[in-house]
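K.L.:
What follows is a protein structure lacking sequence information:
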């Protein structure tokens, strides 16, 4: 199989969108463009009931071909890593399934293979998960209710960077937040292989009241294209392939 780049948007939020386009429809559009949308709903550690707005979390991720979880702050770090890796495996299994259909015919799927052959296919998926290039755009909801959670978000993203950099494949991360008074999203950190500068970013965040998740997702989707156009010259000397699965 030709090595490509897995593209993911990781949305961290604690509430329901209340302005602009339907984020579920935007997530479907992103998925059609080869970008997986993962969503994590963040609860306060002392929160006993799940807010109604977080029902949207699962719908966005399902439409975006990704993974969703609703977690308390204390479990955020391990959840961010789990969701990112689970979405990688899910996407790669889909790619391998398509390859199988081309080789064995439309009616043959991974689930229908004999156990020993399924094990061989999973080995291929695991190997691709270690060697493929990965781009993760982190989209952080900074509406007023998220303010107490931002320090936990910062730690979780730093841990994600450390975890993924153990792979042999290339990683690139960027961080954007919303809402913004002027644009749908605000760039906090441009595409970078590591998130070691994250501690300088989060203290500058200003919180707002509205949650325009749909427009934010749409603008986030376009950042992958901008990186391909302008980043290719900036990173021309690096062994990095700007192709998707």
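P.N.:
Structure received. Fair warning: this is a prediction, and the values are worked out from it, not measured in the lab.
K.L.:
From now on I want contacts and neighbour counts done on CA atoms only, so please keep to that.
P.N.:
Noted.
K.L.:
can you give me the strands for this protein?
P.N.:
For the chain, strands defined by DSSP state E occupy the ranges 5-13, 35-43, 65-72, 133-141, 171-178, 186-192.
K.L.:
closest one to residue 58 among those strands?
P.N.:
In terms of Cα to Cα, the element of these nearest to residue 58 is strand 65-72, at 5.5 Å.
K.L.:
Flag the shaky bits of the chain, pLDDT-wise.
P.N.:
Along the chain, the parts satisfying pLDDT under 70 run over 1-3, 16-18, 48-53, 100-110, 202-210, 226-245.
K.L.:
What is the longest helix of it by residue count?
P.N.:
Secondary structure of the chain read by DSSP state H shows that its longest helix is helix 76-104.
K.L.:
Just the buried residues of that helix, please?
P.N.:
By neighbour count on 16 or more other Cα atoms under 10 Å, the buried set for helix 76-104 is 76-77, 79-81, 83-93, 96-98, 100.
K.L.:
Hmm, residue 65 and residue 31 touching each other?
P.N.:
Yes. Contact status for residue 31 versus residue 65: in contact at 6.1 Å, counting by Cα atoms under 8 Å.
K.L.:
list the residues that contact both of these two?
P.N.:
Taking Cα atoms under 8 Å, 6 or more residues apart in numbering as the contact rule, residue 31 and residue 65 both touch residue 37.
K.L.:
Is it possible to get TSV of the strands of the chain that adds mean neighbour count and distance to residue 163?
P.N.:
Putting the strands of the chain into TSV (neighbours: other Cα atoms under 10 Å; distance: least, Cα to Cα, whole Å) gives the following:
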stretch	mean neighbour count	distance to residue 163
strand 5-13	25	16
strand 35-43	26	17
strand 65-72	22	18
strand 133-141	23	13
strand 171-178	22	11
strand 186-192	17	15
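K.L.:
and these as TSV, adding distance to residue 215?
P.N.:
Shown next, in TSV, are these (distance: least, Cα to Cα, whole Å):
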stretch	distance to residue 215
strand 5-13	13
strand 35-43	14
strand 65-72	18
strand 133-141	12
strand 171-178	9
strand 186-192	12
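K.L.:
of all the ones you listed, which lies closest to residue 201?
P.N.:
Smallest distance to residue 201 across these (Cα to Cα): 6.2 Å, for strand 186-192.
K.L.:
That closest one to strand 171-178, inter-axis angle?
P.N.:
Orientation check (axes from the mean of the first three to the mean of the last three Cα atoms, to 10 degrees): strand 186-192 against strand 171-178 gives 180 degrees.
K.L.:
Got the phi and psi for residue 165?
P.N.:
Taking degrees, to the nearest 10, you get phi -70, psi 0 for the backbone angles of residue 165.
K.L.:
Relative to residue 148, how far out is the nearest residue to it once chain neighbours are set aside?
P.N.:
Once flanking residues are discounted, residue 165 sits nearest to residue 171: 6.9 Å by Cα to Cα, 6 or more residues apart in numbering. As for residue 171, its distance to residue 148 is 29 Å (criterion: Cα to Cα, to the nearest Å).
K.L.:
mind listing what residue 187 touches?
P.N.:
175, 176, 177.
K.L.:
now the residues you listed in CSV, with distance to residue 11?
P.N.:
Shown next, in CSV, are the contacts of residue 187 (distance: Cα to Cα, whole Å):
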residue, distance to residue 11
175, 10
176, 10
177, 9
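K.L.:
Go through the strands of the chain and name the closest to residue 111.
P.N.:
Per Cα to Cα, nearest to residue 111 of these: strand 65-72, 18.9 Å.
K.L.:
so what secondary structure elements neighbour the closest one?
P.N.:
When contacts are defined as 3 or more Cα pairs under 8 Å, 6 or more residues apart in numbering; DSSP states H and E, strand 65-72 sits against strand 35-43, helix 55-63, helix 76-104.
K.L.:
tilt between the longest one and strand 133-141?
P.N.:
Interaxial angle, helix 76-104 versus strand 133-141 (the same axes, to 10 degrees): 140 degrees.
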